[in-house]
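**Q** All I have is the shape, not the residue letters:
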């Protein structure tokens, strides 16, 4: 087998409980991960710029993307200025006051002791004082001290203590010591001690005076650290298209740093950014798949849905990248949310919108404002889409996106204190983005729908038009089946809305569920019009084969006319594996009836797999059984409907769909109400109108004949003649 065919079978085979299904998911995950990383990291691969500091640029260097970065040199300069402005913290050492006063006292005490020694000459006293005083007083001071009397020394001691106490008690810092010593000279002069006394007192006090403010290193460092923390780094912004270096300019350190931040210098890859992006993207994709696995298993279980979501995300990112080069707020990213909602569902659309917003935030330089803009606009589009029998209103969705985009831009712009002209311009861009999102959604949905075989309400409704070729044939060739199908559609659609099934799928599926009867319309009682019953001339086994073959014929017709798979499934499943009981009983009662195999009289199935198929099965059987009643009334209709539903339940026909017992109760109540209103009694016309009534009957317009043509509406072809119509109630239809 060619490699191309092998790959096609591997990637397109529906998911199942096989190891290959998980492998396929992993490979698709890896492929999209690589593609997304490449798209998002495109800005990380700039052109090479081989310029060095101090060189002359031979060309203009343009900024490839808007970026804001910290200028290290300016930030360092600012930090130094702040640190210089923080004053040092000093602690006052009061104990030093007493210590210095004690030193002053020891000087004068030693001097008095020397003067009291009468044996010493004047010079001897000076020499002795110098020996006893360890302070290293100037020679002039020691000479003057030797000349004072004890009374004068006591007076000098008191003055020295007072002066020292005056300055030391309020604190002396190292940077103030010179100024205080000059002030001491002035203070001493005011005392009037004479030249000798002033010289001695100034010399002693200046020698003893020293700083008593101790630097508190811990508190000082703490204050400096606090000041540094309050500093905002100096950020420099360069915008896309800005000329960073003009041709002929000498490259400066600031320009070199800007090139480094942009990754322009020698074209180096921003490895750290790439790693961060890869990890972020890996986490985001894993969380998205985890959400689908836990909360949306029906989506996770189908590879085509996962691949579709991957393609939508890729298209949306490319739209975002294109818009980023012009205006971020004009990006039609809500298109991804709308497409996902229409093709997959609103619950997936919501989480998809969050994912898109986060990824576009990376493209738009990690702007929280952009993330909020994309997320809220996408949510507005999803909420504005209402799935009804009329399909999706994408014009209204685009209008909702545009309005919310405008409001978000205005609100975030005012909070960010932007200029009003900028806010208004961005608001207009948001409105344009909403309109473009609706246009892009309208244009892309048909292609994605066709490429991934996804059926939307719009496409289904196109098959429900009466002028469709198959419905036209059904109306002309099997009119009884046509009107029966319309009634089944009305019946099933009413119940679908109450149990959470898709009303559009139910209605359109009902129109086509018996389309196979076109091949042999005369073998079904609703199309016989009271004529000859062809089943009376053939064996029951052959009749069963003809009746059950309308399933295969319907599938072939649907495929020939390219009807969606969801309609083909309903055609195939609406009888499940029920028994064609009338012909089975007829065959069992005939000669050699004991040789009859019951399995030969069953439909091939499969059983209904969805709520929609089950609704049509039940509506088909209930409508046919009620139409076979000779004198329908509310009690008989209710009993008939309950019996048909109970029979389908007990024979296991509903085992493979997700209908609950509560759903069945609701369905029964609705079918009874609708059928009671449909099969109402007719008033008896006066004798004069009987002729007109008979004419109507011949034209096939009477209510009684119309009701009688639906005895086999659910495919119970065993009711092949009018005389056995009542037996259809026990035929499994």
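**A** That came through fine. A quick note: this is a predicted structure, and the numbers were derived from the prediction, not measured.

**Q** Neighbours of residue 124, how many?
**A** Other residues near residue 124 come to 13 when the count uses other Cβ atoms under 10 Å. (C-beta placed from N, C-alpha, C; glycine too.)

**Q** tell me which strands and helices the helix or strand hosting it is in contact with?
**A** With secondary structure defined by DSSP states H and E, residue 124 is part of helix 122-132. For helix 122-132, the helices and strands in contact under the criterion 3 or more Cβ pairs under 8 Å, 6 or more residues apart in numbering; DSSP states H and E are helix 95-116, helix 139-145.

**Q** buried sites along the shortest one?
**A** Right, helix 139-145. By neighbour count, and taking 16 or more other Cβ atoms under 10 Å as the criterion, the buried residues in helix 139-145 are 141-145.

**Q** before we move on, back to that, so which of the helices and strands packed on helix 122-132 is nearest residue 540?
**A** Of all the helices and strands packed on helix 122-132, helix 95-116 sits nearest to residue 540, with 123.6 Å by Cβ to Cβ.

**Q** Tell me which residues are up against that closest one.
**A** Outside of helix 95-116, the residues within contact range by Cβ atoms under 8 Å, 6 or more residues apart in numbering are 120, 125, 128-129, 132-133, 135, 137, 145-146, 148-150, 153-154, 156-157, 160-161, 164-165, 168-169, 204-205, 208-210, 212.

**Q** Pull out the buried positions in the helix or strand harbouring residue 671.
**A** In this structure, residue 671 is located in helix 661-678 according to DSSP H and E. Applying a neighbour-count criterion of 16+ other Cβ under 10 Å, the buried positions in helix 661-678 are 663-664, 667-668, 670-672, 674-676, 678.

**Q** Could you do stretch 477-495 as well?
**A** Of the residues in stretch 477-495, those with enough neighbours to count as buried (16+ other Cβ under 10 Å) are 478-489, 491-495.

**Q** hang on, the earlier thing: nearest to residue 199 among the buried residues of helix 661-678?
**A** residue 663 (115.8 Å).

**Q** for the helix holding residue 671, packing partners?
**A** Contacts defined by 3+ Cβ pairs under 8 Å, 6+ apart place helix 661-678 against helix 479-499, helix 611-627, helix 634-650.

**Q** Quick one: work out the angle between it and helix 611-627.
**A** Calculated by axes from the mean of the first three to the mean of the last three Cα atoms, to 10 degrees, helix 661-678 forms an angle of 40 degrees with helix 611-627.

**Q** pLDDT score assigned to the nearest residue to residue 211 once chain neighbours are set aside?
**A** The spatially closest residue to residue 211, leaving aside those adjacent along the chain, is residue 174, at 4.5 Å (Cβ to Cβ, 6 or more residues apart in numbering). Among the per-residue scores, residue 174 shows a pLDDT of 79.

**Q** Quick check: residue 174 vs residue 160, distance?
**A** Applying Cβ to Cβ, to the nearest Å, the value for residue 174 to residue 160 is 22 Å.

**Q** Check residue 426 too.
**A** Look at residue 426 and residue 160: by Cβ to Cβ, they are 78 Å apart.

**Q** tell me which element residue 556 is part of?
**A** Of the helices and strands defined by DSSP H and E, residue 556 is found in helix 540-560.

**Q** Now do the buried residues in that helix.
**A** Using 16+ other Cβ under 10 Å as the test for burial, helix 540-560 gives 540-541, 543-544, 546-551, 553-555, 557-558.

**Q** Remind me what the longest helix seen in the chain packs against, helices and strands.
**A** Longest among the helix segments of the chain by residue count, using DSSP state H, is helix 420-451. Judged by 3+ Cβ pairs under 8 Å, 6+ apart, the packing partners of helix 420-451 are helix 303-324, helix 334-343, helix 368-384, helix 394-415.

**Q** Remind me what the next helix or strand after it packs against, helices and strands.
**A** Scanning forward in sequence from helix 420-451 by DSSP H and E, the next helix or strand is helix 457-463. Using 3+ Cβ pairs under 8 Å, 6+ apart as the contact criterion, the elements in contact with helix 457-463 are helix 503-512, helix 565-573.

**Q** okay, those helices, which one's buried deepest?
**A** Burial among the helices and strands packed on helix 457-463, expressed as mean neighbours by mean count of other Cβ atoms under 10 Å, is greatest for helix 503-512, which shows a mean of 26.

**Q** Mind listing residues that contact that helix?
**A** With Cβ under 8 Å, 6+ apart, helix 503-512 has contacts from 387-389, 391, 457, 460-461, 463-464, 470-471, 485-486, 488-493, 496-497, 554, 558, 563, 566-567, 570-571, 574, 612-613, 615-616, 619.

**Q** Can you verify my assumption that residue 372 contacts residue 412?
**A** Yes - counting by Cβ atoms under 8 Å, residue 372 does reach residue 412; the two are 6.3 Å apart.

**Q** So which of those two has more stuff around it?
**A** Regarding residue 372 and residue 412, a neighbour count based on other Cβ under 10 Å identifies residue 412 as having more, with 19 against 16.

**Q** and the more buried one, what pLDDT?
**A** If you check residue 412, the pLDDT there is 89.

**Q** Tell me the secondary structure of residue 175, please.
**A** Put simply, residue 175 is helix when judged by DSSP: H, G, I helix; E, B strand; the rest coil.

**Q** Low-confidence regions, the stretch 1-150 of the chain specifically.
**A** Residue ranges of the stretch 1-150 of the chain with pLDDT under 70: 1-20, 43-50, 64-65, 134-135.

**Q** my bad, should have said the stretch 501-650 of the chain
**A** Residues of the stretch 501-650 of the chain meeting the criterion pLDDT under 70: 530-531, 591-594.

**Q** hmm, try it at 90
**A** 502, 520-541, 543-544, 546, 562, 564-565, 580-601, 605, 624, 627-633 (pLDDT under 90).

**Q** Residue nearest the middle of this protein, spatially speaking?
**A** The centre of the chain sits closest to residue 354, judged by Cα atoms, centre = their mean, with a distance of 1.6 Å.

**Q** Could you report the neighbour count for the nearest residue to that one once chain neighbours are set aside?
**A** Setting aside the residues directly before and after it, residue 354 is nearest to residue 375 in space (Cβ to Cβ, 6+ apart), at 6.3 Å. Here the number of neighbours of residue 375 (other Cβ under 10 Å) works out to 23.

**Q** Which helix or strand contains the residue of the chain most remote from its centre?
**A** Of all residues in the chain, the one whose C-alpha sits farthest from the chain's mean C-alpha position, using Cα atoms, centre = their mean, is residue 119 at 105.3 Å. For residue 119, there is no host helix or strand (DSSP H and E).

**Q** Begin at 29 from now on, thanks
**A** In the new count, where the first residue is 29, that last one comes out as residue 147.

**Q** hang on, the earlier thing: which one of the helices and strands packed on helix 150-160 has the most crowded surroundings?
**A** Among the helices and strands packed on helix 150-160, helix 167-173 has the highest mean neighbour count (mean count of other Cβ under 10 Å), at a mean of 20.

**Q** Which SSE is immediately downstream of that helix?
**A** Helices and strands here follow DSSP H and E; after helix 167-173, the next one along the chain is helix 178-196.

**Q** okay, the angle between that next one and helix 123-144?
**A** Here helix 178-196 runs at an angle of 170 degrees relative to helix 123-144 (the same axes, to 10 degrees).

**Q** Helix 178-196: which residues count as buried?
**A** Judged by neighbour count (16+ other Cβ under 10 Å), helix 178-196 contains these buried residues: 180-181, 183-185, 187-189, 191-192, 195-196.

**Q** separation between residue 219 and residue 313?
**A** Distance, residue 219 to residue 313, by Cβ to Cβ: 89 Å.

**Q** Who has more neighbours out of the two?
**A** For residue 219 and residue 313, the more surrounded residue by other Cβ under 10 Å is residue 313, and the numbers stand at 18 against 15.
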